[in-house]
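1. Structure, please.
(chains A, B and C)
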Amino acid sequence: MTVAEGAKYVAAAYAAIMAVLIIYYFMSSRRVTLLRRDLELLESEAKRQAPAPGAE
Amino acid sequence: MKKLLSAPALFAAAGVLLVVGVVLAFWYSPIDASSMGFSQKILYYHAPIAAAGLVAYGVAFVAAILYLRSQDMKWDRLGYVSVRIGLLFSILVMATGMIWGKAAWGVWWAWEPRLTTFLLACFLYAAYWVLRSVVDEEQRRATYAAVFAIIAFIDVPITFFATRLLPEGLHPVVIGPGGGGMEGSMAVSFGICMLGMLMLMAALIRRDLAIEDLKDRVTDLKTSLGG
Amino acid sequence: MSGWAQFKAILRKDLIRELRTRDMLVSMILFVLLAMIIFHYAFTVKEGADLTYFTGGMLWVTFIFAMLLGLNRSFAQEKDEHCLDGLLLCPVDRVTIFFAKTAGNLVFLLIIQAVAVPVFALFFIQRGFLGDLLPFLAVLLLADLGICSLGTLLATISMNTRSRDLLLPILFLPLIVPLLIAATGATTLVFAEGVGFGSVGARLLFLLGFDAVFLVAAWGTYDFAIGE
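-> Residues are numbered from 1 along each chain as shown, chains lettered A, B, ... in the order given. All right, here's what the predicted structure looks like:
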């Protein structure tokens, strides 16, 4: 197998690795953003409710 | 030390090592003398990914034992995060292995020891996830998952052993580092890539653990507010 | 009550219960025989196809699937009748329960094999292999032990989940592959070529190692698998 032919496969393999890892990383990043947003909302809600603890 | 081991630092270190490793693999290490030729360059990532995947499963194994001894949920969490990363890496091993197989032997699949063992590992740890998904109680789920993680990890080397030792001469193709052993320049690039992959695995696990932590905080706040 | 006495008691209970009704045994035997018939029609597409080198595979696949059915049945029964809960209330060492149940399942499997193997030989094996009976029995016993011990451990877990019997094959089959490789290789050699302990020796040793490793692993983890 010549270098040229081999190079196609090598490139495909490395591309596959990069693609999968990057997709995984970005999917989890999206989850992190959503979670952080939820956390902020909930924390501000908690602060809002805190000043009147016995007002239920 | 804790700062040094935090996820961003690990990712950065892993990234540096992997890039350096790849550059060395292509520009410093010679082209493999065997029939594999240029396609052998795939090995510089393929084998480290395989090793890192197995280490991830090993982490799950240790975490399982620690959970059974302490009943502390944090070990259960480490367990399933490591399995998830291990599965990710196993899928990558199969994909790169198949590409390499096509390049080196002209076939997309061969029932040879390494591919088969990783295929079985994928099914084993997929079964781990199925098991987790059908148990609703937290403690019991963690216990069953831990027992299975221990059994599964023991089975992986046994499977490899079985496929190698027993069917005699079924597949003469043997994946090796090329030639008889590795020359110095190959070993250097290889070692750097290996270290980089292991760090990447550790970084991904750490990051996933932090995400689980975040999820916990959100759930806790929700229940305390909603209640 | 000593450990050995407890073991015998539990084993007796399981054996007597099954031998009294015999539903599980009869169904498993019928299943195994039917499977052989199906294998014949599944594989002999070509006129006069030679299945000699498939014999080990056919035999062990049949036994493994029969065992999955049997395990599901017996553990489901135990769970529905709350036998296991009663047993756990007694001061019995959990591991004794494991060994007793494994032994019980082993006995059932041997009974089924005693019926199935002669019929299998009738259907599929042309040459007489009585001379190689000893190596064959060794393979049988060792493989059975591995199947029963892993099966008992995993069935204990899977019965307590939502999927119950659906989960057991998923957990069991990937784990049993190494044993399958060794057992089918050895069995096919015995049936097809009639070899002595020599060439099946490596596989026998492997099976021995497999059994040892997983018996120890099950021993260590059964407490957790069965605990509440």
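2. C-alpha only now, for contacts and for neighbours.
-> Will do.
3. Name the residue closest to the centre of the chain, please.
-> No chain in the question, so chain A it is. Using CA atoms, centre = their mean, the residue of chain A that lies closest to the mean C-alpha position is residue A:29, 1.6 Å off.
4. The intended chain is chain B.
-> residue B:53 (1.0 Å).
5. Next, give phi and psi for the closest residue to that residue other than its chain neighbours.
-> In this structure, residue B:53 finds its nearest non-sequential neighbour in residue B:86, 4.5 Å apart by CA to CA, 6 or more residues apart in numbering or on different chains. With angles defined as degrees, to the nearest 10, residue B:86 sits at phi -60, psi -40.
6. What segments of chain C are helices?
-> C:3-21, C:23-43, C:55-80, C:83-89, C:94-124, C:133-159, C:167-193, C:197-226 (DSSP state H).
7. and chain A, which of these is closest to it?
-> For those, the distance to chain A is smallest for helix C:167-193, at 25.3 Å, taking CA to the nearest CA.
8. The residue nearest to residue B:53: neighbour count?
-> For residue B:86, the tally of surrounding residues (other CA atoms under 10 Å in any protein chain shown) stands at 29.
9. was I right about it contacting residue B:61?
-> No - the pair residue B:86 / residue B:61 is not scored as a contact, 11.5 Å apart, by CA atoms under 8 Å.
10. that older thread, report the inter-axis angle for the helix or strand the residue nearest to the centre of chain B falls within versus helix C:197-226.
-> Here residue B:53 is covered by helix B:43-70, with elements defined by DSSP states H and E. With axes from the mean of the first three to the mean of the last three CA atoms, to 10 degrees applied, the angle from helix B:43-70 to helix C:197-226 works out at 50 degrees.
11. and helix B:43-70, what does it pack onto?
-> Helix B:43-70 sits against helix B:73-105, helix B:138-165, helix B:184-226, with contacts defined as 3 or more CA pairs under 8 Å, 6 or more residues apart in numbering or on different chains; DSSP states H and E.
12. Any buried residues in the shortest one, and which?
-> This points to helix B:138-165. Within helix B:138-165, the residues that qualify as buried by neighbour count (16 or more other CA atoms under 10 Å in any protein chain shown) are B:140-156, B:158-160, B:162-164.
13. which bits of chain A sit near chain B?
-> Chain A comes close to chain B at residues A:1-3, A:6-7, A:9-10, A:12-14, A:16-17, A:20, A:32, A:35-36, A:38-39, A:42-43, A:46, as judged by CA under 8 Å from any CA of the partner chain.
14. Just the buried ones from those?
-> A:6-7, A:9-10, A:12-14, A:16-17, A:32, A:35-36, A:38-39, A:42-43.
15. just these: which has the poorest pLDDT?
-> Minimum pLDDT across those is recorded for residue A:6, with 78.
16. so how far is residue C:169 from it?
-> 41 Å (CA to CA, to the nearest Å).
17. which residues touch residue B:189?
-> Going by CA atoms under 8 Å, 6 or more residues apart in numbering or on different chains, residue B:189 touches B:21, B:22, B:24, B:25, B:29, B:44.
18. Next one, pLDDT for the residue nearest to the centre of chain B please.
-> Per the predicted model, pLDDT is 94 at residue B:53.
19. cool, residue A:34 as well?
-> 90.
20. what about it, neighbour count?
-> Around residue A:34 there are 11 residues (other CA under 10 Å).
21. Which one of the helices of chain C lies nearest to residue B:80?
-> Among the helices of chain C, the nearest to residue B:80 by CA to CA is helix C:167-193 (16.3 Å).
22. quick one: the closest one near chain B?
-> Yes - using CA under 8 Å from any CA, helix C:167-193 reaches chain B at C:167, C:170, C:171, C:174, C:175, C:177, C:178, C:181, C:182, C:185.
23. among the contacts of residue B:189, which one has the lowest pLDDT?
-> Among these, pLDDT bottoms out at residue B:29, giving 74.
24. what's that one sitting at in phi/psi?
-> phi -70, psi 150.
25. same check, this time on residue B:30
-> Residue torsions, per degrees, to the nearest 10, at residue B:30 are phi -80, psi 160.
26. wait, it sits on residue B:186?
-> Yes - counting by CA under 8 Å, residue B:186 is a contact partner of residue B:30 at 7.2 Å.
27. Look at these two and report which has more neighbours.
-> When residue B:30 and residue B:186 are compared for neighbours, residue B:186 comes out ahead with 21 against 15, by other CA under 10 Å.
28. give me the number of residues near residue B:135?
-> For residue B:135, using other CA under 10 Å, the count is 19.
29. Look at it and give its secondary structure.
-> coil (DSSP: H, G, I helix; E, B strand; the rest coil).
30. and the helix or strand bottoming out on mean pLDDT in chain C, how far from the chain's centre?
-> For chain C, using mean pLDDT, DSSP states H and E, the weakest element among its helices and strands is helix C:83-89, scoring a mean of 77. Between the centre of helix C:83-89 and the centre of its chain there are 24 Å (CA atoms, centre = their mean, to the nearest Å).
31. Name the residues of that helix that come out as buried.
-> residue C:84.
32. Output it in CSV with nothing but the alpha carbons.
-> The C-alpha coordinates for helix C:83-89 follow below in CSV (Å, rounded to 0.1, in the frame of the first residue of the first chain):
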residue,chain,number,x,y,z
CYS,C,83,-39.1,-18.6,49.3
LEU,C,84,-35.9,-16.5,49.2
ASP,C,85,-37.3,-14.1,51.8
GLY,C,86,-38.0,-16.9,54.1
LEU,C,87,-34.6,-18.3,53.6
LEU,C,88,-33.0,-15.0,54.3
LEU,C,89,-34.7,-14.8,57.7
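33. Now do the buried residues in stretch C:62-75.
-> C:62-73, C:75.
34. which residues are contacting it?
-> Contacts of stretch C:62-75 (CA under 8 Å, 6+ apart): C:24, C:28, C:31-32, C:35-36, C:105, C:109, C:113, C:147-148, C:151-152, C:155-156, C:159, C:164-165, C:168-169.
35. Selection in ChimeraX covering whichever of these are buried, please.
-> Buried members of the contacts of stretch C:62-75, defined by 16+ other CA under 10 Å, are picked up in ChimeraX with:
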select /C:24,28,31,32,35,36,105,109,113,147,148,151,152,155,156,159,164,165,168,169
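36. so what's the residue lying closest to residue B:126 once chain neighbours are set aside up against?
-> Nearest residue to residue B:126 in three dimensions, chain neighbours excluded: residue B:87, at 7.8 Å (CA to CA, 6+ apart). Each residue near residue B:87 by CA under 8 Å, 6+ apart is listed here: B:53, B:122, B:125, B:126.
37. Go through those residues and single out the one with the most neighbours.
-> residue B:53 (29 neighbours).
38. Give the burial count for residue B:194, as a bare number.
-> Neighbours of residue B:194 (other CA under 10 Å): 25.
39. got it, and the one 3 residues further on?
-> Neighbour count for residue B:197, taken as other CA under 10 Å: 26.
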